[in-house]
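*Asks:* structure, please.
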Amino acid sequence: MKSVLAYRCLLGTHSLVTTRLPLADGRTINIRKPSQPDDEQKRVYQMLGIDWKSALPTRKNEIPA
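*Replies:* Presented below is the predicted three-dimensional model:
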């Protein structure tokens with residue numbers, strides 16, 4: 001069994017990607033989406049009872065001009 005620190009390090013490498021879309025009117029749309037976890041990360045999320053898709057949803061926000 002791995003240590004808590006090892007699991008934290010493993011899950012700390014699960015990436016979130018942010019895409020910024022500048023619009024012609026000066027606004028910016030930000031979309032933040034998690035990457036697909038690898039098999040070991042999925043196993044840890046499952047062991048912890050975490051549905052990573054629900055815990056890390058895609059988020060969109062708009063920044064006014």
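*Asks:* would you map the strands across the protein?
*Replies:* For the chain, the strands defined by DSSP state E cover 16-22, 28-34, 59-63.
*Asks:* could you export these to TSV, including columns for mean neighbour count?
*Replies:* All C-beta spots, glycine's among them, are computed from the backbone N, C-alpha and C. Shown next, in TSV, are those (neighbours: other C-beta atoms under 10 Å):
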stretch	mean neighbour count
strand 16-22	10
strand 28-34	14
strand 59-63	11
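*Asks:* format those strands as JSON lines; extra columns: mean pLDDT.
*Replies:* Formatted as JSON lines, the strands of the chain follow (pLDDT from 0 to 100):
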{"stretch": "strand 16-22", "mean pLDDT": "94"}
{"stretch": "strand 28-34", "mean pLDDT": "95"}
{"stretch": "strand 59-63", "mean pLDDT": "93"}
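*Asks:* could you list the residues in contact with stretch 5-18?
*Replies:* Contact partners of stretch 5-18, identified using C-beta atoms under 8 Å, 6 or more residues apart in numbering, comprise 2, 30-35, 37, 40-41, 44-45, 52, 56.
*Asks:* switch the cut-off to 6 Å
*Replies:* With contact meaning C-beta atoms under 6 Å, 6 or more residues apart in numbering, stretch 5-18 is reached by 32-35, 37, 41, 44.
*Asks:* turn the residues you listed into TSV, including distance to Thr19.
*Replies:* Shown next, in TSV, are those (distance: C-beta to C-beta, whole Å):
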residue	distance to Thr19
Arg32	8
Lys33	8
Pro34	13
Ser35	12
Pro37	19
Gln41	22
Val44	27
